[in-house]
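Visitor: Sequence and predicted structure below; questions after.
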Amino acid sequence: MSRGNNVRPTDAELEILSVLWERGRSTVREVHDELNLRRPTGYTTVLKFLQIMVEKGLVQRDEVHRVHVYEAALPQETTQSQLIRDLAARAFGGSPLQLAMRALATDRASADELAQIRKMLDDCEGKTK
């Protein structure tokens, strides 16, 4: 049931996805062990979340071997873009400008981050000329 394109992951699901994006294909045990380093998490809880995430289309499961291996259905950048579009639509009237301005006003960006933002803006302006 591949519905991952329209499903907004919960905070707990994003935590699992972050492990899969960092590690790549992983077993339940590997995901559990990584999450457990961050905070105590039950093995069966991680297993249940992964099963739900398969149903939602957020992860894919390789069932060829006795041990199931999971991987994120979409790249991290795609999921982040979907979440940003959703947030912009729900909280900022669909305005990327309002979202960006609020983000920059809320948390102070480092000099390096500001340089990266300037470069991105320069790249965007170069594409429209």
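Guide: Nice, thanks for sending it over. Residues are numbered from 1 along each chain as shown.

Visitor: Report all helices and strands that the helix ranked longest in the chain contacts.
Guide: Looking across the chain with DSSP state H, the single longest helix is helix 111-128. Packing partners of helix 111-128 (3 or more Cβ pairs under 8 Å, 6 or more residues apart in numbering; DSSP states H and E): none among the helices and strands. (Glycine included, C-beta is placed from N, CA and C.)

Visitor: how far does that helix sit from the chain's center?
Guide: Computed by Cα atoms, centre = their mean, to the nearest Å, the chain-centroid distance of helix 111-128 equals 23 Å.

Visitor: Dump that helix to PDB, keeping only the CA atoms.
Guide: Provided in PDB are the C-alpha atoms of helix 111-128 (Å, rounded to 0.1, in the frame of the first residue of the first chain):
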ATOM      1  CA  ALA A 111      27.200  33.100   9.500                       C
ATOM      2  CA  ASP A 112      27.700  29.900   7.600                       C
ATOM      3  CA  GLU A 113      24.000  29.300   7.300                       C
ATOM      4  CA  LEU A 114      23.400  32.800   6.200                       C
ATOM      5  CA  ALA A 115      26.100  32.400   3.500                       C
ATOM      6  CA  GLN A 116      24.400  29.200   2.300                       C
ATOM      7  CA  ILE A 117      21.000  31.000   2.200                       C
ATOM      8  CA  ARG A 118      22.600  33.900   0.200                       C
ATOM      9  CA  LYS A 119      24.100  31.400  -2.300                       C
ATOM     10  CA  MET A 120      20.700  29.700  -2.700                       C
ATOM     11  CA  LEU A 121      19.000  33.000  -3.300                       C
ATOM     12  CA  ASP A 122      21.700  33.900  -5.900                       C
ATOM     13  CA  ASP A 123      21.200  30.500  -7.600                       C
ATOM     14  CA  CYS A 124      17.500  31.100  -7.700                       C
ATOM     15  CA  GLU A 125      17.900  34.600  -9.100                       C
ATOM     16  CA  GLY A 126      20.300  33.200 -11.800                       C
ATOM     17  CA  LYS A 127      17.700  30.700 -12.900                       C
ATOM     18  CA  THR A 128      15.000  33.400 -13.400                       C
END
